[in-house]
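Asks: Below is the sequence, then the predicted model.
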Amino acid sequence: MRGRRRFRTTAAAVALCCAAALAGCTAADGPEAGRPAARPAPRPTPVWNVSPGSLAAVGDSITRAFDACTVLADCPEVSWATGTDAGVNSLALRLLGPAGVAGRSWNLARTGARMAELPEQMTAAAARRPELVTVMMGANDACRATPAEMTPVAAFRASFEAALARLRAGAPKAQVYVSSLPDLRRLWETGRVSPMAGRVWQLGVCGAMLRDPADVSPAAERRRTAVRDRVVAYNEVLAEVCAKDARCRYDGGAVFGFRFDGAQLSPWDFFHPSRDGQARLAELAYRGITREE
């Protein structure tokens, strides 16, 4: 009898364990058994919106498409940022469509502007409450007559910080996309073999880098290296300051690293982007802005 009783007890225990296993329960469940499984926490909404609904562009002659259509004139209709030209397919056209460009994009750049002017432009941008602000500014800070006249890095940083502060004061949720400055030495390397480019550059186009393009003396190389180093330093400032703002995205050096050639340069000054160059800038910006993270 005792043996049969032990057998019945053991068999019952085994049956209970099997039933528990089939039900997905364990001894460790204890008092938690029977409670509904916890739902996974919802994923946080991304800070960066890849489809902004309005756009303000600030910057200098590149964003105004200077010398892209006719000599010595702005041509904003082919601007990489806000242009309406279908061949360029600007950032605004890609994001907003043809119907949205006129009413929901603003080109606030000014030909000849330097970084010291950016706070004022950002104030104007903030007043329009855009969802996205594009920044391409600083080439004129390096393109002076001589390296000694280039904007000091500390002053460049202070102006850029002040510009972001102005935007945040008026449009705290606006996204900012910051383009790196182009490699000005690449300009010299691309155009120096062209007699026409050399003659135009001698008229005073970015003298610190492009003056006497055929001169490869040690002094000329030091001058060009000083300009390129300053552009690199400016780009580091743009990246560092932007990284401190959760709604700011730097292009990671995309414009600086772009290997442009003569087709992307204005046929009048061999310095500013041509229509094709503007289209390439639009493509680089669109990729950077719509990149999921």
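Replies: That came in fine, so what should we check first?

Asks: Quick check: Arg166 touching Ala127?
Replies: No. Between Arg166 and Ala127 there is no contact under Cβ atoms under 8 Å: 10.3 Å. C-beta: built from backbone N, CA, C; applies to glycine.

Asks: okay, those two: which has more neighbours?
Replies: Neighbour tally, Arg166 and Ala127, criterion other Cβ atoms under 10 Å: the higher count belongs to Arg166, 19 against 13.

Asks: Which of the helices or strands spans the more buried one?
Replies: helix 153-170 (DSSP states H and E).

Asks: helix or strand right after that helix?
Replies: Counting by DSSP H and E, what follows helix 153-170 is strand 175-178.

Asks: what helices or strands is the helix or strand that that next one is followed by leaning on?
Replies: For strand 175-178, the following helix or strand on the C-terminal side (DSSP H and E) is helix 184-191. Helix 184-191 sits against helix 195-201, helix 207-210, helix 218-243, with contacts defined as 3 or more Cβ pairs under 8 Å, 6 or more residues apart in numbering; DSSP states H and E.

Asks: Pop out the phi and psi values for Ala56.
Replies: phi -120, psi 130 (degrees, to the nearest 10).

Asks: For it, name its beta-bridge partners.
Replies: Beta-bridge partners recorded for Ala56 (DSSP bridges): Trp106, Val133.

Asks: what's it in contact with, if anything?
Replies: By Cβ atoms under 8 Å, 6 or more residues apart in numbering, Ala56 lies in contact with 105-106, 108, 124-125, 128, 130, 132-134.

Asks: for those residues, which one is nearest Glu149?
Replies: Proximity of the contacts of Ala56 to Glu149 (Cβ to Cβ) peaks at Leu108, which lies at 25.8 Å.

Asks: still on that earlier bit, out of the contacts of Ala56, which are buried?
Replies: For the contacts of Ala56, a neighbour count by 16 or more other Cβ atoms under 10 Å gives the buried set as 105-106, 108, 125, 128, 130, 132-134.

Asks: Help me confirm that Gly138 comes into contact with Leu238.
Replies: Yes. The criterion here is Cβ under 8 Å, and Gly138 meets it with Leu238 at 7.4 Å.

Asks: for the nearest residue to Ala233 once chain neighbours are set aside, what are its contacts?
Replies: What sits nearest to Ala233 in space, not counting adjacent residues and going by Cβ to Cβ, 6 or more residues apart in numbering, is Val153, at 4.9 Å. Residues near Val153 by Cβ under 8 Å, 6+ apart: 230, 233-234, 237.

Asks: Tabulate the residues you listed in TSV, adding columns for pLDDT.
Replies: Below are the contacts of Val153 laid out as TSV (pLDDT from 0 to 100):
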residue	pLDDT
Arg230	98
Ala233	98
Tyr234	99
Val237	98
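
Asks: of these, closest to Val200?
Replies: Checking those one by one against Val200 (Cβ to Cβ), the nearest turns out to be Arg230, at 22.9 Å.

Asks: Can you report how many residues lie near the closest one?
Replies: With other Cβ under 10 Å as criterion, Arg230 counts 24.

Asks: How about Ala171?
Replies: Count around Ala171 with other Cβ under 10 Å applied: 22.

Asks: Name the nearest residue to it, sequence neighbours excluded.
Replies: Ala171's closest residue in space is Ala126 (Cβ to Cβ, 6+ apart), at 4.2 Å.

Asks: what does Ala254 give?
Replies: Closest to Ala254 by Cβ to Cβ, 6+ apart is Leu284, at 4.8 Å.

Asks: For Thr63, see how far away that neighbour is.
Replies: Leu284 sits 13 Å away from Thr63, going by Cβ to Cβ, to the nearest Å.

Asks: between those two, which one's more packed in?
Replies: Thr63 (30 against 19).

Asks: so where's this protein uncertain?
Replies: 1-46 (pLDDT under 70).

Asks: one more time with 90
Replies: Filtered on pLDDT under 90, the chain yields the residue ranges 1-47, 193, 293.

Asks: Is Ala65 part of a helix or strand, or is it coil?
Replies: Assigned with DSSP: H, G, I helix; E, B strand; the rest coil, Ala65 falls in the coil class.

Asks: In contact with the closest residue to Ser54 other than its chain neighbours, which residues?
Replies: Among residues not flanking Ser54 along the chain, Arg104 sits closest, at 4.1 Å (Cβ to Cβ, 6+ apart). Applying Cβ under 8 Å, 6+ apart to Arg104 gives the contacts 53-55, 92, 96.
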